[in-house]
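Trainee: Fold the following for me, if possible:
(4 chains)
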There are 2 protein chains.
Amino acid sequence: MTIDGRIARGDRTRAAVLDRAVARATEDGLDGLSLGQLATDLGVSKSGLFAHWRSKEELQLATIDRAAEQFREHVTRPALTAPRGVRRLWALHDHRIAFYESSVLPGGCFFAKVQFEFSARPGLVRDRLAGIFELWTEFVEGLAREAINTGELSPETDTQQLAYEIESFALTAVMKSRLLLSPDIAYRYARRAARDRLCALTTHPELLPEV
Amino acid sequence: MTIDGRIARGDRTRAAVLDRAVARATEDGLDGLSLGQLATDLGVSKSGLFAHWRSKEELQLATIDRAAEQFREHVTRPALTAPRGVRRLWALHDHRIAFYESSVLPGGCFFAKVQFEFSARPGLVRDRLAGIFELWTEFVEGLAREAINTGELSPETDTQQLAYEIESFALTAVMKSRLLLSPDIAYRYARRAARDRLCALTTHPELLPEV
DNA sequence: AATATTTACGATCGGTCGGTCGGTTATCCC
DNA sequence: GGGATAACCGACCGACCGATCGTAAATATT
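Mentor: This next block holds a predicted model:
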């Protein structure tokens, strides 16, 4: 089987557009994205974009999916190489902060930005974001339950509460790093907060890194 | 001295516009605000708005100031009635969550929304937001230092780290309550996280409320 | 070589945006 | 009562928005 060059070209264009859209959305938001500007940036025509997505909303949904994929690549997948338990929980948080630190996305975090943008705006975009965020939360809670199973966390640990707190530290790092503090300081707070919390809860604090 | 009716009318209009602008900005953002829509909502003409603010940016800046004033009314001032120390620190967090809970602002929190919106967009708006946020952070850190002075927190307590963590819990409550969880649950997480943290740090846990 | 398919483009549409301007109305001062 | 002042309005502007459509170019199929 040979590859259809036409479709391959379309795929390449789509990927380039979505990567650019994810990056720009971290600065201007998903609605702040202008199709004309996006097209100009990429050296294509605005009407060319409509050949791939029939409306702006469809492009926004595709952008969200691409951002999720990117997040999995940079954060979730590498974190899963750590052994189950508090180390994996820590690895997830640490890789997440490192991803923000790396400035792959100029605005820091796609989902933080866009979730606030659409949190009060009903529609398909909001629903998609809510779905992804729910899966993410359940994933983190699942890692916490694994840590209970490995005996590194007490069975009485409130995994939802713990997931909430870790989420908090990461989310705030995004905002503080861009608006206020030098990024380094914000990320240090975020890391230390999560480490201290895990350290206080776990029966095996030696599994966690030093300060 | 009598009050100039013309100026009084202007003041009334200005206040009405700004209150509405603050509320709407929590849903659509400060840039998502359309002057035409805002005017229509208030039953005034668009050009009437330009009589009070010479540009959209000027209106945005005034809106920020009004939101800060509103925040002080509902959160900062009532919290200052609590005695210095961990109780005041807790009161600040508690009143803040209660303010979000009250749904005075339909989108939950003006500053959370707008800070994310402008965190990557240089300009006067961003600078104003950063300034207010810095003052706020220093204010919280100051309360934490007071708690050290009253002997309710250990002198070794990292007040900046503590302020960061409390900020995190409140910020995340805003997002989760609107996007994902039923608001009650999110606010419960936010309260419990801050209470537990203060409880673990203070030498006088009996000063804090029960779970 | 002829035809079908897919991508991409230029021109253009109606609508909304922020912003301007000349004029009207209400209130205050003398 | 007559200016002066301040608030406010309706009409209008150029720019940009998302979206549509007919067409050209590139690639595949036959």
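
Trainee: okay, CA-based contacts and neighbour counts for the rest of this
Mentor: Fine.

Trainee: Assign the one residue sitting closest to the centre of chain A to helix, strand or coil.
Mentor: Chain A has residue A:71 as the residue nearest its centroid, 4.6 Å off, counting by CA atoms, centre = their mean. When classified by DSSP: H, G, I helix; E, B strand; the rest coil, residue A:71 comes out as helix.

Trainee: ditto for residue A:186
Mentor: The three-state label given to residue A:186 by three-state DSSP is helix.

Trainee: And for it, the neighbour number?
Mentor: The local packing of residue A:186 (other CA atoms under 10 Å in any protein chain shown) involves 24 other residues.

Trainee: wait, doesn't it sit right on residue A:176?
Mentor: Yes: assessed by CA atoms under 8 Å, residue A:186 is found in contact with residue A:176 at 6.0 Å.

Trainee: what about residue A:123, neighbour count?
Mentor: The number of residues packed near residue A:123 is 10, by other CA under 10 Å.

Trainee: what's the next secondary structure element after the longest helix along chain A?
Mentor: In chain A, taking DSSP state H as the definition, the longest helix is helix A:124-149. Once the chain leaves helix A:124-149, the next helix or strand it forms, by DSSP states H and E, is helix A:159-179.

Trainee: got the angle between that following helix and helix A:124-149?
Mentor: Orientation check (axes from the mean of the first three to the mean of the last three CA atoms, to 10 degrees): helix A:159-179 against helix A:124-149 gives 120 degrees.

Trainee: Can you tell me which helices and strands helix A:159-179 packs against?
Mentor: Under the contact criterion of 3 or more CA pairs under 8 Å, 6 or more residues apart in numbering or on different chains; DSSP states H and E, helix A:159-179 touches helix A:86-102, helix A:124-149, helix A:183-201, helix B:110-118, helix B:159-179, helix B:183-201.

Trainee: residues making contact with the third one?
Mentor: Residues outside helix A:183-201 that contact it (CA atoms under 8 Å, 6 or more residues apart in numbering or on different chains) are A:86, A:90, A:93-94, A:97, A:101, A:153-154, A:157, A:165-166, A:169-170, A:172-174, A:176-177, A:205, A:208-209, A:211, B:161, B:164-165.

Trainee: cool, and stretch A:32-49?
Mentor: Under the contact criterion CA under 8 Å, 6+ apart, stretch A:32-49 has outside partners A:16-17, A:20-21, A:24-25, A:56.

Trainee: List the buried residues in that stretch.
Mentor: A:33-35, A:38-39, A:46, A:49 (16 or more other CA atoms under 10 Å in any protein chain shown).

Trainee: Distance from that stretch to the middle of the chain?
Mentor: 24 Å (CA atoms, centre = their mean, to the nearest Å).

Trainee: shaky segments in chain A?
Mentor: Applying pLDDT under 70 to chain A flags the ranges A:1-2, A:5.

Trainee: how about the residues of it near DNA strand C?
Mentor: Residues of chain A found near DNA strand C (CA under 7 Å from any atom of the strand) are A:6-7, A:9-14, A:43-48, A:51-52.
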